[in-house]
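Visitor: got a predicted structure plus its sequence, pasted below:
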Amino acid sequence: MWPSSYFRWLTKSVPTGPVEIYPEISDNFETNLPNVFIIGDLTGVPLLKLAAESGVKVWKHIRENKTDCLDAVIIGSGPAGLSCAYEASQLGKKYVVLEANLPFQTIQSYPKKKPIFAEPKEIESSSKVKIFDSTKEELLDYLNHLLKKEPIELLVGKRVSSIEKAGSLYIVKTESGDSYFTNSVVIAIGKSGDPRRLGVKGESSPTVFYRFFDPNDTKDKSVVIVGGGDTAVEAAIVSASYANDVSLIHRGKNLQRPKAENLRRLEQLVQEGKIKVLLESEVSEISEKNIFVKTPSSVIKIKSDLVYILIGSTPPIPFLKKIGIKIQNEKTFSDWVGFTTLLSFATLAYFGKASFYGSGWFSPLATTFGLISILSLTLFVFLKFKHGFGKIQPWIIIRNGYLLLAFFYFLFVYFTATYLNHFFLGKYPSFHYTMLYSLTILVFGIRRIYIRKTDYIFYQTLSLIFIQIFFLFLLPELILPALGDLGYLGNPDGYIRTEIFPKDAYWKAYGFILAWPLSMGVLYDGGITNFWLGYGVLFSFGFIPILVYRYGKGAYCGWICSCGGLAETLGDEHRQKMPHGKWAYQLEHSGQYILLLAFLLTFLKLVGVYGKSINSNFVLSESIADSIKWLYDIVVDIGLAGVVGVGFFFLFSGRIWCRMFCPLASLMHIYAKFSKFRIFSEKKKCISCNICTKNCHQGIDVMGYASRGIPMDSVQCVRCSACVSLCPTDVLEFGFITASGIRYDSLQAKLRK
């Protein structure tokens, strides 16, 4: 059917990979438990050099110990834990390192001769532990020599069972019954938890393994390797020199993550007939001597003496949950109470400000949700007091203080206007809401500039602040009314006050920035004028297509739009909360249906307005449009753009409206299919850390593009630059596809930290 074909065209070849799950930590490595830190791979960056560096940096954030107990218990003795211990020794701290197995256990489990890459090359490490380009064996020799030459307080065979609060301190207990009283805890256990499984019959067979240790084990055997990453490819490459035959099975259309050198070697061995690669294939069953594989065309049987399932491992999430560490995007009862508070406040704000010109039931609905927001906020604060606020930082105080002030300010404005007929400063609640909206973008925009220190974000945020404050607040709310009162806008029957601002509807100035169909009311409400019809057509179907063609959809969504302004400032701290998964990608299409409805309503209205002079029957067209438009206003403009768009900020992401429902964004998706703008990747530098995908608040699987080395052409991109600026290995760059090839954006140099 046409909708399916249309949506496939919009999202053709778009990767839809999941986001890896990690513990929730601050920029200082601290978890939700005060003075409990996580460093190394478990932070989400699988680079040994950065893991070692985190062991040094974490000591800058560990509080001073004023007791006789240990300064820190370090759990894990990999490069991060070892580095942390050496830094503690240098600082004269009291510490102990607890290791459940043997030192460097994760590295010990690497395959023989596994290459080690010292990335990022440009970073000069300050750690005692130096990572260099080498092999597994060379790195282990170096680490063991270092440990022997400069011993640390290391206890092996000490698996931690619990971490318990003891006032402001902690008691760390092990399975062997030992207890350690400490000021702080540093967790450096890596992310290699339980191996991921296929969930097929026969997977528990003794011929099935989840780690690849020694290629000699494959000598003269038929080997099947399942997986599509570097680990699987490297295992296939080294096995090819020993095994009778090697089959590599991957469910995707492409091997998405192998480094360039690994892929080159694999392709060479495939051409030599030493490795057989089966793509778009899945294992359906494993028997003692065979493995059954479902391919796009049939189910085949492959001889298998050994099967290696190398599809990654799951982080040690159960252990972290057990000791009370919060996991990213895991929702607690307190989170849901906070969500109820914000959603109720958003309902109050949008229906409340609309109650002075909308339906009579808007006011009681707004009042009800206003009371709910007060009750839920009270419960939220009580829960925070009960369970503790964690470490109070200056920004947390400023942020929460501002949000509480804005909350109570609007409650005061609304309730006094509704029930005391007192309009604060002589203005309707809509004025105060717009003022708070603009002030919020200013406050959180300044914070974004301070935190995200790139020139790109500096200029982008300034653009969003200026457009919101001047064009969407000062101009319609203060400047134009003042000019009108002074007579500078001409006579009441003049062009400006009949065509641009009919009946002094200065709010129509929003239409200079908010294009159709994002702002349907500018064109539609108060009567359609020739000016707004002409301007709307030129803006939505002339200027914006050119802008998107040249710079991508993000040139509007990320630099101009007020929705994007709030998302990039207030929502900056919550960009990692955007849902991923099948349902989220399907929900993206909702905006296309809203766009269709907006088009039909506008078309019927125009036919009625301009056709009734030809035939009076066309009045029916306008009547049908008007009878539906009020419902569109409630559901889309107030419900989705307002209540959902703002109410979902802190539990999900500030871009829920932009990604899922915005009809203007959906219109620009069509334009973006023809855009020259792309985000390019240097595949060989991609370490598949998932940071780009995790920080995309439009839900784009950026890593899916980067690891495959293909230009990122998702129509959802809002050019926020988060993926580019946060990439630890500088894989991504803005650029354009031109007739002569690729040309990189002139702002690219300014994206680097």
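Guide: Arrived safely, thanks for sending.

Visitor: now do residue 512: how many residues are near it, please.
Guide: Residue 512: 17 surrounding residues under other C-beta atoms under 10 Å. To be clear about C-beta, it is placed using only N, CA and C from the backbone, and glycine gets the same treatment.

Visitor: what does residue 318 give?
Guide: Neighbours of residue 318 using other C-beta under 10 Å come to 10.

Visitor: which SSE is it in?
Guide: helix 317-322 (DSSP states H and E).

Visitor: identify the residues contacting the helix or strand following that helix?
Guide: Later in the chain than helix 317-322, the nearest helix or strand by DSSP H and E is helix 333-354. Helix 333-354 is contacted by residues 358, 362-363, 365-367, 369-370, 372-373, 376-377, 379-380, 383-384, 387, 407, 410-411, 414, 418, 428-430, 433, 638, 642-651 when judged by C-beta atoms under 8 Å, 6 or more residues apart in numbering.

Visitor: pull out the buried members of these.
Guide: Buried members of those, counted by 16 or more other C-beta atoms under 10 Å: 362-363, 366-367, 369-370, 372-373, 376-377, 379-380, 407, 410-411, 414, 418, 428-430, 433, 638, 642-651.

Visitor: the contacts of helix 333-354 in helices, which ones?
Guide: 362-363, 365-367, 369-370, 372-373, 376-377, 379-380, 383-384, 387, 407, 410-411, 414, 418, 429-430, 433, 645-647 (DSSP state H).

Visitor: end to end on stretch 477-491, go ahead and measure it.
Guide: End-to-end distance of stretch 477-491: 20 Å, with C-alpha to C-alpha, to the nearest Å as the criterion.

Visitor: got the buried residues for it?
Guide: Across stretch 477-491, burial judged by 16+ other C-beta under 10 Å covers 477, 480, 484, 489.

Visitor: OK, contacts around the closest residue to residue 6 other than its chain neighbours?
Guide: Leaving aside its sequence neighbours, residue 6 sits nearest to residue 592 (C-beta to C-beta, 6 or more residues apart in numbering; 7.6 Å). Counting by C-beta under 8 Å, 6+ apart, residue 592 touches 6, 7, 10, 666, 669.

Visitor: can you list the buried residues in stretch 140-151?
Guide: Neighbour-count burial for stretch 140-151 [16+ other C-beta under 10 Å]: 140, 143, 146, 147.

Visitor: the third one and residue 129 touch, don't they?
Guide: In this case it means residue 146. Yes. Between residue 146 and residue 129 there is a contact under C-beta atoms under 8 Å: 7.0 Å.

Visitor: find residues that contact each of those two.
Guide: residue 82.

Visitor: where does the chain dip in pLDDT?
Guide: Along the chain, segments meeting pLDDT under 70 span 1-2, 193-194, 256-258, 260, 388-392, 526, 613, 740-753.

Visitor: neighbours around the closest residue to residue 530 other than its chain neighbours, how many?
Guide: In space, and not counting its chain neighbours, residue 530 is closest to residue 499: 6.3 Å by C-beta to C-beta, 6+ apart. Number of residues near residue 499 (other C-beta under 10 Å) recorded here: 15.

Visitor: where does residue 499 fall, phi/psi-wise?
Guide: Main-chain torsions, residue 499, degrees, to the nearest 10: phi -100, psi -40.

Visitor: any idea how far it lies from residue 533?
Guide: Distance, residue 499 to residue 533, by C-beta to C-beta, to the nearest Å: 10 Å.

Visitor: helix or strand for residue 544, just tell me which one.
Guide: Going by DSSP H and E, residue 544 is in helix 544-551.

Visitor: how far does that helix sit from its chain's centre?
Guide: 25 Å (C-alpha atoms, centre = their mean, to the nearest Å).

Visitor: what are the buried residues along that helix?
Guide: 544, 545, 547, 548, 551.

Visitor: my guess is the fourth one meets residue 670, correct?
Guide: Just to be clear, that refers to residue 548. No. Between residue 548 and residue 670 there is no contact under C-beta under 8 Å: 9.2 Å.

Visitor: SS state for residue 678?
Guide: Taken by DSSP: H, G, I helix; E, B strand; the rest coil, the conformation at residue 678 corresponds to strand.

Visitor: chain neighbours aside, what residue packs nearest to it?
Guide: Using C-beta to C-beta, 6+ apart, the nearest residue to residue 678 is residue 711, at 3.9 Å.

Visitor: can you pull the contacts of that neighbour?
Guide: 678, 679, 680, 681, 705, 735, 737.

Visitor: let's see 10 Å
Guide: Going by C-beta atoms under 10 Å, 6 or more residues apart in numbering, residue 711 touches 677, 678, 679, 680, 681, 705, 735, 736, 737, 742.

Visitor: measure the fifth one to residue 688 for me?
Guide: Looking back up the chat, that one is residue 681. Distance from residue 681 to residue 688, by C-beta to C-beta: 11 Å.

Visitor: compare those two (neighbour count), which wins?
Guide: Using other C-beta under 10 Å as the criterion, residue 681 and residue 688 rank with residue 681 on top: 25 against 21.

Visitor: which non-adjacent residue is nearest the more buried one?
Guide: Spatial nearest neighbour of residue 681, excluding adjacent residues (C-beta to C-beta, 6+ apart): residue 706 at 3.8 Å.

Visitor: how about residue 57?
Guide: residue 29 (7.2 Å).

Visitor: which SS class is the residue lying closest to residue 40 once chain neighbours are set aside?
Guide: Setting aside the residues directly before and after it, residue 40 is nearest to residue 80 in space (C-beta to C-beta, 6+ apart), at 3.1 Å. Under three-state DSSP, residue 80 falls in the helix class.

Visitor: just checking, residue 80 touches residue 104?
Guide: No. Between residue 80 and residue 104 there is no contact under C-beta atoms under 10 Å: 11.1 Å.

Visitor: related to what we said a few turns ago, ok, of the buried residues of stretch 477-491, which one's closest to residue 173?
Guide: The closest of the buried residues of stretch 477-491 to residue 173 turns out to be residue 477 (C-beta to C-beta; 60.7 Å).

Visitor: which ones are touching the closest residue to the closest one other than its chain neighbours?
Guide: Excluding its sequence neighbours, the residue lying closest to residue 477 (C-beta to C-beta, 6+ apart) is residue 431, at 5.6 Å. When contacts are counted by C-beta under 10 Å, 6+ apart, residue 431 touches 353, 413, 423, 424, 425, 473, 476, 477, 478.

Visitor: any idea how far residue 473 is from residue 431?
Guide: From residue 431 across to residue 473, the span is 9 Å (C-beta to C-beta).

Visitor: if we can go back for a sec, show me the two of the buried residues of stretch 477-491 that sit farthest apart.
Guide: Greatest spacing in the buried residues of stretch 477-491, by C-beta to C-beta: 477 and 489 (15.0 Å).
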